[in-house]
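Undergrad: I would like the atomic coordinates for the input below:
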Amino acid sequence: MILLRNDCIEYKGTGKVVRILWKHPTHPYAVIIDINAPKAMPEIQQIAALEDDLMTGIAQRLSTDPYSCIVNESLLQEKHKKIRKDAWELIQELVTNEPAIYAADKRWGLVLDSIEKSGSTHKVIYLKMRRYWQRSQTMNALLPDYANSGGKGKSRDTKDGVKRGRPRIYGDQSGLNVTPEIRKVFRVAVLRYYVSDKKFTFKGAFNEMIKDFFCQRSINPDTGMVTHYPNMDVAETGFPTFAQFNYWLDQDNDRIEIARKRMTPRVYDKDFRGLIGTSTAEVWGPGARYQIDATIADVFLVSRLNRNKIIGRPVLYVVIDTFSRMIVGIYVGLEGPSWVGAMMALANTASDKQAFCKKFGRIIEPEEWPCHYLPATLLGDRGEIEASAIEMLINSFNVTVENAAAYRADWKGIVEQRFKLLPSKFKPYVPGYIDVDYRIRGGKDYRLDAVLDLDQFTKIIIECALYYNNHHQIEGYDKDHNIAADSIATVPIDLWEWGIANSSGSLRAYPEDLVRFSLLPVEQATVTLNGIRFHGTFYTCQKAIQEHWFDRARQKGNWKVNVSYDPRDQDEIYLHDASLSMQFHVCQMTERSRSYRQMSTWEIEQQQNTERHISANHQPKQQLASADLAANIQNIVQTAVIQQPEANAESAASRTKNIRTHRAEEKAANRQPEAFHLGNKHSSQSVKSSSTATIVPFPGVIEDDYGEPDITEILATKSKDGDAKQ
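TA: Residues are numbered from 1 along each chain as shown. Below you'll find the model as predicted:
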């Protein structure tokens, strides 16, 4: 059992939860803190004692961090960011001074130095440090808990009769507080007047409610006229307003369900429902620092959709663990070196490699590629990991990001060397690989040799990564004395396993879905009556169906929502939950867009462009055919006009009088030329027979002219039916 930094251990019965703040790299002890105690401070604990508590069942390791705080930076208010920044600047030097800050005899001296520099107080400093330690040791732990303030969605009780809400601007009456009894009246009024009686509009139902529930009436005995006046309860405050009526109905009812009841489910379903159709001496173990880089592979690929199309050279991202040289993440795609590609490689570092390989048809055991962690530090190029999106990685997962200076690839030389080793394994066997004579006059055009598609090239990279991780011996690896003393082979998998067992304290395990979601690119999608439209494809999810999103889109118009997506596979997108930070809903592609399944973003775009080209090429032909159709119709009509005899003296009534008779005559005239004549001289394929068949006529067969029966035929039929029943 491996205990990691930030692991939370809960003791059964007491409810006490402790967090591992730090593990000594070489000694068997760790620093823990009670995450719920208001005045808790770090304590030293033997790792063996913690493991015994877990093994005996006294305690259990929590799968979810109770204080995990992962937020979308774009949704944070600037004042909240400033509070976090100020708090971090106050305690940064203290909490990063490990392990001195955890020693009680040294902590006070460090705090006094901080007070002298910052001008703050020891109470504030201890409060911020304790919050940082108890809440997962990330900068987001220092965000204010304003989300827990107030009473959003809760109704407030009235005190001393004071009017809730904003005061009225016009009129002398103070306004009425809506009580639970009045809310009940609102619901009854909607059902009685609006749902049950389609003659009432919503405003009409409100007016009828005021008349029946909030007014008294008197009848003048002389004139019979009815006069209404307010009840005593509302005489001073005034009637409920139409705005209050609308507000509380939104709180207590589902408008969609009201509309469904009003127009009946059959009509509603017919007319209003939605139509859904990512150098060794400077690190101490695995995970201390990852290096990431990208290169454009020297091989041309073909399209998965049309293998006659050459799509150019793919971009290869590789993430390397500095200590062990393990390839901990890869990404092969068509996105140029950018944050999007780096994000996909980083997401792969935290993913289950067994499932990743299985997706490409390669079955491996977990121990062949046991890398599914985030690092303490990430080193990469400025252009790829200096984007604003990297703040999510820093603040949510406490990953320190280092940028190599411009034109200094040697700062991340380990990952640069991998780009020389990997191609050397597949270069001799891959058609379309670019040799040194590419683009030289008289040189070979390697583009024409392309036969691999993106998935097939990814399979080759996976095979190379597995070989490199498990079998390649690193020459010139600078071992420390501990590795040399244990006679460890300089193979990445052996170095990785030795490092985890002896000197690892920086690996961070997070839920794969959460890491992927936080790193995926974010764009806006549109909610329409046909589904959630994104990049020309349509999606749906359980939340959208339950909340009638597509019904609303058809009735009230479209609106935008934020979604995350994987550019490699757009079968699913991830809808952001606006009410909960870093929560998402998986949206599946609908049948309307089934032709785009199992495609990447780039492939979908290419397919859509192809469809536009086909449509544009067909447009002239369709236009000419439409013109021919119009001309042919006009010719037929002109011929009919010419054949029409001159107007005679017959009246309109006389011309329309015998339509039934004329129709019967026309049918009789059409029967002979329209009849089928088989086996005689009129048939093109006559069948000769040596004998003549005897035809026996059916008795009592009445010829039918297939015309509509007249009244006498109807009466005669009824008379026969009546005789038969008797």
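Undergrad: the helices in the stretch 601-726 of the chain, which residues?
TA: All helices of the stretch 601-726 of the chain, identified by DSSP state H, counting those that start in this stretch, fall at 601-643, 652-657, 659-674, 711-725.
Undergrad: how about JSON lines for these, with mean neighbour count added?
TA: Where you see a C-beta, it was placed from the backbone N, CA and C, and this is true even at glycine. Converted to JSON lines, the helices of the stretch 601-726 of the chain look like this (neighbours: other CB atoms under 10 Å):
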{"stretch": "helix 601-643", "mean neighbour count": "11"}
{"stretch": "helix 652-657", "mean neighbour count": "9"}
{"stretch": "helix 659-674", "mean neighbour count": "10"}
{"stretch": "helix 711-725", "mean neighbour count": "9"}
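Undergrad: Which of the ones you listed comes out lowest on mean pLDDT?
TA: The minimum mean pLDDT among these belongs to helix 711-725 (a mean of 61).
Undergrad: ok, Lys16 touching Asn36?
TA: Yes. The pair Lys16 / Asn36 is scored as a contact, 7.2 Å apart, by CB atoms under 8 Å.
Undergrad: Can you check which of the helices of the stretch 601-726 of the chain gets nearest to Glu335?
TA: Glu335 lies closest to helix 601-643 among the helices of the stretch 601-726 of the chain, at 7.8 Å (CB to CB).
Undergrad: centre of the chain versus the closest one, how much separation?
TA: Put simply, helix 601-643 sits 38 Å off its chain's centre (CA atoms, centre = their mean, to the nearest Å).
Undergrad: Number the chain from 37, please
TA: Okay, residue one is now 37; in that scheme the one you just asked about reads as helix 637-679.
Undergrad: so where is the stretch 87-236 of the chain shaky, pLDDT-wise?
TA: Within the stretch 87-236 of the chain, the stretches with pLDDT under 70 are 182-199.
Undergrad: what are the ranges of the helices in it?
TA: Using DSSP H, counting those that start in this stretch, helices in the stretch 87-236 of the chain cover 114-131, 140-154, 158-170, 216-225.
Undergrad: what's the most buried one of these?
TA: Highest mean neighbour count among those (mean count of other CB atoms under 10 Å): helix 158-170, with a mean of 18.
Undergrad: Find the residue at the geometric middle of the protein.
TA: Residue closest to the average C-alpha location in the chain (CA atoms, centre = their mean): Tyr610, at 1.4 Å.
Undergrad: Wait, a strand at that residue?
TA: Yes. Inclusion of Tyr610 in a strand is indicated when DSSP: H, G, I helix; E, B strand; the rest coil is applied.
Undergrad: follow-up on the earlier one: can I get the helices of the stretch 87-236 of the chain in TSV including distance to Tyr206?
TA: Below are these laid out as TSV (distance: least, CB to CB, whole Å):
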stretch	distance to Tyr206
helix 114-131	35
helix 140-154	53
helix 158-170	49
helix 216-225	22
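Undergrad: out of these, nearest to Gly512?
TA: helix 114-131 (36.9 Å).
Undergrad: starting at the chain centroid, how far to that closest one?
TA: Worked out by CA atoms, centre = their mean, helix 114-131 lies 32 Å from the chain centre.
Undergrad: helices or strands up against that helix?
TA: Contact analysis of helix 114-131 by 3 or more CB pairs under 8 Å, 6 or more residues apart in numbering; DSSP states H and E lists helix 140-154, helix 158-170 as its packing neighbours.
Undergrad: for the closest residue to Phe586 other than its chain neighbours, what are its contacts?
TA: Closest residue in space to Phe586, ignoring its immediate chain neighbours: Gly310 at 2.0 Å, by CB to CB, 6 or more residues apart in numbering. Counting by CB atoms under 8 Å, 6 or more residues apart in numbering, Gly310 makes contact with Leu565, Asn566, Gly567, His584, Trp585, Phe586, Asp587, Arg588, Ala589, Arg590.
Undergrad: Ok, Asp269 next?
TA: Counting by CB under 8 Å, 6+ apart, Asp269 makes contact with Phe250.
Undergrad: just to revisit the earlier point, let me have the contacts of Gly310 in TSV, extended by secondary structure.
TA: Formatted as TSV, these follow (three-state DSSP):
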residue	secondary structure
Leu565	coil
Asn566	coil
Gly567	strand
His584	coil
Trp585	helix
Phe586	helix
Asp587	helix
Arg588	helix
Ala589	helix
Arg590	helix
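Undergrad: just these now: which is nearest Ser651?
TA: Comparing those against Ser651 with CB to CB places Asn566 closest, at 19.6 Å.
Undergrad: Let me know the helix or strand that Arg361 is in.
TA: Per DSSP states H and E: Arg361 is located in neither a helix nor a strand.
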